[in-house]
Structures are given as structure tokens and as C-alpha cells.
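[1] I'll drop the sequence and a predicted model, then ask my questions.
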Amino acid sequence: MRKAVVLLSGGIDSATTLAIARAQGFACYALSIDYGQRHRSELVAAARIGEFLQASGHQFVQLDLTTLAASALTNATIAVPTDGVSEGIPVTYVPARNTIMLSLALAWAEVLESRDIFIGVTAVDYSGYPDCRPDYIAAYEKMANLATKAGREGEPFTIHAPLIDLSKHAIIRSGMRLGVDYGLTVSCYQADDDGRACGLCDACRLRRAGFEAANVPDPTRYRQG
């Protein structure tokens with residue numbers, strides 16, 4: 001089986017991406033990054049998902065971005081917006097996060113002699129992040145093949161973004177067909193230690209709307225009050 005490195009955050013999109021990679025016949029090596037995010041229960045969710053979807057390997061890398069990347073997700077003094085999804089790039093944007101994560105995935109892929117990396121970004125139902133768009137993925141793939149021994153020696157990497165053109169409800173329907181248990185996932189930007197969601201942040205709103213549009217019962221556990 002061909003090996004693939006799959007970035008696994010613990011949310012809906014990355015869980016579905018892992019399921020898609022498995023369905024395509026890859027031996028999947030999940031990579032989860034502890035970057036100092038306030039919603040740390042997503043890392044617990046990532047471990048559950050990796051086990052449930054039978055990842056061939058699962059690495060957790062600790063990388064503290066709290067002093068470098070000012071964001072509502074890495075700085076508890078910056079409030080997570082709860083007034084609804086708005087125009088523009090929100091304060092939950094973590095500078096260079098996907099670039100950093102893809103670079104770690106690229107390094108591990110080269111060690112594993114894998115030439116395939118999967119990331120669960122979408123340019124449809126998202127929060128306006130610049131590193132979730134097709135031109136970014138294409139540019140990163142080009143860079144990856146210029147920056148690595150494998151790429152320079154004629155063994156190019158492919159960055160797979162299978163969700164890039166899918167809405168949240170289409171992602172959920174795809175995952176349901178592949179047997180993903182979304183009750184294992186955590187999406188909330190300020191989930192508590194038990195993984196219970198606030199129900200108000202952008203991630204929660206997009207998640208709830210996705211389940212409603214997919215006509216699928218929402219398995220999310222919400223905090224009371």
C-alpha cells in the first residue's frame with residue numbers, strides 16, 4: 001500500500017479527509033499538532049479518530065505558537081467571536097498555521113518515503129482563512145517539490161485537498177458514506193476539557209448548519225447555559 005501523511009486536527013474536515021485517504025487505498029499516517037490552541041480537547045478527539053479509522057501510525061507533535069502567532073486560538077486574552085460568521089479574515093486566523101503543519105507533514109512524508117500528503121481544507125464553508133484556498137495548495141505543492149531531496153530527484157509530492165470544493169454538508173454526507181463517526185470529533189474553538197461545544201463560535205455555527213443541511217442528526221455535545 002502507498003503511504004500517505006494525513007493532517008488530523010480532530011474536527012469534521014480532517015476526520016473525513018482521513019476516511020477518504022483510506023478509501024483511496026492509502027496506508028494513512030496521521031499527524032496531529034499541539035500548537036498551544038485553546039481548544040485542546042480536539043487533540044483528544046484526534047486520538048479517538050485515528051484509532052477509529054485505523055491509522056497505520058499517529059504522531060503528535062508539540063509546537064508552541066503562542067508566543068509567535070497572535071490569534072484568538074492561541075491567546076486567551078483575545079475573545080473568540082460569537083456573533084456569527086462575518087466577512088474578512090477573523091481573529092481566529094493563526095498566522096502561517098497550515099504552512100507550518102504542511103511543512104511538518106512534508107518532513108515526515110519524506111522520512112516515510114511517502115509522496116502523498118492529505119489536508120482537510122475547504123474553500124466553500126470556511127471562515128475566510130487565506131491558507132484554505134486552491135491557489136495556496138497549488139503553490140505549496142510547487143514549493144514542496146523544490147525544497148526536498150525527493151522532489152529534486154524526480155519523486156514529486158502531491159498535496160491532496162479532497163474537500164477543497166465541498167460545502168460542510170457535502171463533507172458530512174461524504175463522511176457518513178465512509179462510516180465516519182462524527183460524535184468523536186470536536187470543532188468548537190473554545191470547547192471545554194470534555195470536548196463540549198459552546199454553540200456560538202464560527203466553527204460551531206458552520207458545523208451545526210452542515211448537519212442541518214445534510215439532514216443528519218447533530219451528534220455534537222454542547223455545554224449547558
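    Perfect, I can see it now.
[2] pretty sure Leu102 contacts Ile159?
    Yes - counting by C-beta atoms under 8 Å, Ile159 is a contact partner of Leu102 at 7.0 Å. Every C-beta, even on glycine, is put in place using the N, C-alpha and C of the backbone.
[3] what's the overlap in contacts for these two?
    Shared contacts of Leu102 and Ile159 (C-beta atoms under 8 Å, 6 or more residues apart in numbering): 117, 119, 140, 144.
[4] the first one: what's it in contact with?
    It stands for Ile117. So Ile117 contacts 4-7, 102, 105-106, 109, 144, 157-160 (C-beta under 8 Å, 6+ apart).
[5] ok, the last one next?
    Shown in contact with Ala144 (C-beta under 8 Å, 6+ apart): 102, 106, 117, 151, 157, 159.
[6] if I look at Ile33, how far off is Cys201?
    Relative to Cys201, Ile33 is positioned 20 Å away (C-beta to C-beta, to the nearest Å).
[7] who has more neighbours, those two?
    Shown here are Ile33 and Cys201; by other C-beta atoms under 10 Å, Cys201 has more neighbours (26 against 22).
[8] skip the chain neighbours and tell me the closest residue to the more buried one.
    Tyr189 (4.4 Å; C-beta to C-beta, 6 or more residues apart in numbering).
[9] would you mind listing which of the contacts of Ile117 are buried?
    The neighbour-count test (16 or more other C-beta atoms under 10 Å) marks 4-7, 102, 105-106, 109, 144, 157, 159-160 as buried among the contacts of Ile117.
[10] state which strand of the protein is the longest.
    Assignment by DSSP state E gives strand 27-34 as the longest strand of the chain.
[11] check which helices and strands the following helix or strand past that strand is in contact with.
    Using DSSP states H and E, the helix or strand that follows strand 27-34 in sequence is helix 41-52. Here helix 41-52 touches helix 12-23, strand 27-34, strand 57-62, going by 3 or more C-beta pairs under 8 Å, 6 or more residues apart in numbering; DSSP states H and E.
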